[in-house]
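Undergrad: below: sequence and its predicted model.
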There are 2 protein chains.
Amino acid sequence: MTDAAIDFWFDFSSPYAWLAHGEAEALAARHGRRLRWRPFLLIAAMKETGARPLMNTPMKGDYARIDVLRTARRLGLPFAPGEPFPFNALAPGRGFYWLYDQDEALAVGWAKRLLTASYAESLRIDRADAALAATAEWRVEAGIDAEALRAALDSQAMKDRLRAESDAAVAAGVFGSPWFVVDGEPFWGGDKLGELSRWLETGGW
Amino acid sequence: MTDAAIDFWFDFSSPYAWLAHGEAEALAARHGRRLRWRPFLLIAAMKETGARPLMNTPMKGDYARIDVLRTARRLGLPFAPGEPFPFNALAPGRGFYWLYDQDEALAVGWAKRLLTASYAESLRIDRADAALAATAEWRVEAGIDAEALRAALDSQAMKDRLRAESDAAVAAGVFGSPWFVVDGEPFWGGDKLGELSRWLETGGW
């Protein structure tokens, strides 16, 4: 056993990422592990797997609508996604990595604020203007320079960075959200958090 | 709460059906519910969802090979599938429904014997000859007439029956294996058995 981070790969447009992020944080804290948030674009993996966005897939979308609401009720979480849904989470991911390179806690704060805006407050977060509006109060409290952030969201460097992180996800075999990797072992989906916890408790099997 | 059955939809070619069937039986017994085994052909749903067989899907197959073995180790179950894999489970399903119409317990015995042959003994079970060979001892003990069973596996009636059951699965929104329905509530996958158990304990939420 090492005390290495638990990688938490997710797409901001994944309802299951919203539903699992709190449980994942609590689990990591319980085991004394860092939770390393790693937003990426699921579309990169879909090109490999041939999958379509879950909610737009016949049959799967119908089940997911039942399961997402059932999971939200179980966890006591709101679930009121904004429009459009699903969305292309470019601005959230680009802003995350710009902040991450300065201060990981700031990046996680940005991610949580955006997930809450998107899934609890029905706000749009996909484009730069929308993401900035949805994080206005948070940015003031966090002391983020609005102009610098806005520039980052449109920068080639952060476009390339989010693409590179998405390519890294695919290279690591990640095709779903949320996705956890602990000590090299992959776990797909919030439904696997119980098994992941047992993995950490026992050292694996 | 009613004491209605828990529907257990599965494809014989699904490793997760093999891994979950014992847990599902124990869960149903614990809650005093009948487990209603309902084999179907997943290929019928794949035409709707656009999915390919799991193990042959890029990325997904790689993850499933890790997850299936990890689940088997956790449950203490063997996992040594025969060739070919995945397979078209025509004979197992046709035989099941022929037996089911006579005696549900016989049909469940046939299903368990075939799952064990396929996943624990690396035997082929897809075609009529293979399914008959893999169940030879069981059939003698169960008192099944071999000639009548062989005729049933090739009969138009049982071909139609398995197709109708697969169509019924799709009509019920079933696109994965194993799949459970309890009191109208669907649960996809062995990973959901814990949640299904809580659903029964609490009466749902």
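TA: Received, thanks.
Undergrad: can you give me the strands in chain A?
TA: Here chain A has its strands, by DSSP state E, at A:6-10, A:35-39, A:179-182, A:185-188.
Undergrad: kindly reformat the ones you listed as JSON lines containing distance to chain B.
TA: (Glycine included, C-beta is placed from N, CA and C.) Output for these, formatted as JSON lines (distance: least, C-beta to the nearest C-beta, whole Å):
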{"stretch": "strand A:6-10", "distance to chain B": "12"}
{"stretch": "strand A:35-39", "distance to chain B": "17"}
{"stretch": "strand A:179-182", "distance to chain B": "9"}
{"stretch": "strand A:185-188", "distance to chain B": "6"}
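Undergrad: out of these, nearest to A:Pro78?
TA: Closest to A:Pro78 of those is strand A:6-10 (C-beta to C-beta; 18.0 Å).
Undergrad: sheet partners, orientation included, of that closest one?
TA: Strand A:6-10 has the following strand partners under DSSP bridges: strand A:35-39 (parallel), strand A:179-182 (antiparallel).
Undergrad: between the ones you listed, which one is closest to A:Ala164.
TA: strand A:35-39 (11.7 Å).
Undergrad: which residues are in contact with that closest one?
TA: Residues outside strand A:35-39 that contact it (C-beta atoms under 8 Å, 6 or more residues apart in numbering or on different chains) are A:5-12, A:24-25, A:28, A:89, A:92-93, A:96-97, A:107-108, A:111, A:162, A:165, A:169.
Undergrad: residues in contact with A:Arg52?
TA: A:Arg52 is in contact with A:Met46, B:Gly50, counting by C-beta under 8 Å, 6+ apart.
Undergrad: how near is it to B:Asn56?
TA: A:Arg52 sits 18 Å away from B:Asn56, going by C-beta to C-beta, to the nearest Å.
Undergrad: the worst-scoring helix or strand of chain A on mean pLDDT close to chain B?
TA: For chain A, using mean pLDDT, DSSP states H and E, the weakest element among its helices and strands is helix A:43-49, scoring a mean of 91. Yes. Applying C-beta under 8 Å from any C-beta of the partner chain, one finds helix A:43-49 touching chain B at A:Ala45, A:Glu48, A:Thr49.
Undergrad: tell me which other helices or strands that helix touches.
TA: helix A:156-171 (3 or more C-beta pairs under 8 Å, 6 or more residues apart in numbering or on different chains; DSSP states H and E).
Undergrad: give me the helices and strands touching the helix it packs on, please.
TA: Going by 3+ C-beta pairs under 8 Å, 6+ apart, helix A:156-171 lies up against strand A:35-39, helix A:43-49, helix A:90-100.
Undergrad: flag every residue of chain A that's near chain B.
TA: Counting by C-beta under 8 Å from any C-beta, chain A sits next to chain B at A:45, A:48-52, A:57-60, A:62-63, A:66-67, A:70, A:73-74, A:170, A:173, A:175, A:185-186, A:188-189, A:191-192, A:194-195, A:198, A:205.
Undergrad: low-confidence ranges, chain A, go.
TA: Judged by pLDDT under 70, chain A has its weakly predicted residues at A:1-3.
Undergrad: tell me which stretches of it form helices.
TA: A:15-30, A:43-49, A:60-75, A:90-100, A:104-120, A:128-134, A:136-142, A:146-153, A:156-171, A:193-202 (DSSP state H).
Undergrad: now the strands of chain A in a markdown table, with mean neighbour count and distance to A:Asp145?
TA: Formatted as a markdown table, those follow (neighbours: other C-beta atoms under 10 Å in any protein chain shown; distance: least, C-beta to C-beta, whole Å):
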| stretch | mean neighbour count | distance to A:Asp145 |
| --- | --- | --- |
| strand A:6-10 | 24 | 26 |
| strand A:35-39 | 22 | 21 |
| strand A:179-182 | 24 | 32 |
| strand A:185-188 | 20 | 37 |
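Undergrad: what about those strands, which gets the closest to A:Asp129?
TA: Comparing the strands of chain A by C-beta to C-beta, strand A:35-39 comes nearest, at 19.0 Å.
Undergrad: got the CA coordinates for that closest one in PDB?
TA: Provided in PDB are the C-alpha atoms of strand A:35-39 (Å, rounded to 0.1, in the frame of the first residue of the first chain):
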ATOM      1  CA  LEU A  35      -8.500  12.800  -4.300                       C
ATOM      2  CA  ARG A  36      -7.000  14.000  -7.500                       C
ATOM      3  CA  TRP A  37      -9.800  15.600  -9.600                       C
ATOM      4  CA  ARG A  38      -9.100  15.100 -13.300                       C
ATOM      5  CA  PRO A  39     -11.800  16.500 -15.600                       C
END
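Undergrad: so how far is chain B from the residue lying closest to A:Arg65 once chain neighbours are set aside?
TA: Distances taken as C-beta to C-beta, 6 or more residues apart in numbering or on different chains put A:Met55 closest to A:Arg65, at 7.2 Å, once the chain neighbours are dropped. Applying C-beta to the nearest C-beta, to the nearest Å, the value for A:Met55 to chain B is 13 Å.
Undergrad: and for A:Ala146?
TA: A:Ala146 is 39 Å from chain B, by C-beta to the nearest C-beta.
Undergrad: with adjacent residues omitted, what lies nearest to that residue?
TA: Nearest to A:Ala146 is A:Arg139, by C-beta to C-beta, 6+ apart, at 6.1 Å.
Undergrad: how about A:Asp167?
TA: A:Ala44 (6.5 Å).
Undergrad: I'd say that neighbour and A:Val170 touch.
TA: Yes. Using C-beta atoms under 8 Å, A:Ala44 is in contact with A:Val170, at 5.3 Å.
Undergrad: next up, the contacts around the residue nearest to A:Arg65.
TA: A:Met55 touches A:Gly61, A:Ala64, A:Arg65, A:Phe85, A:Pro86, counting by C-beta under 8 Å, 6+ apart.
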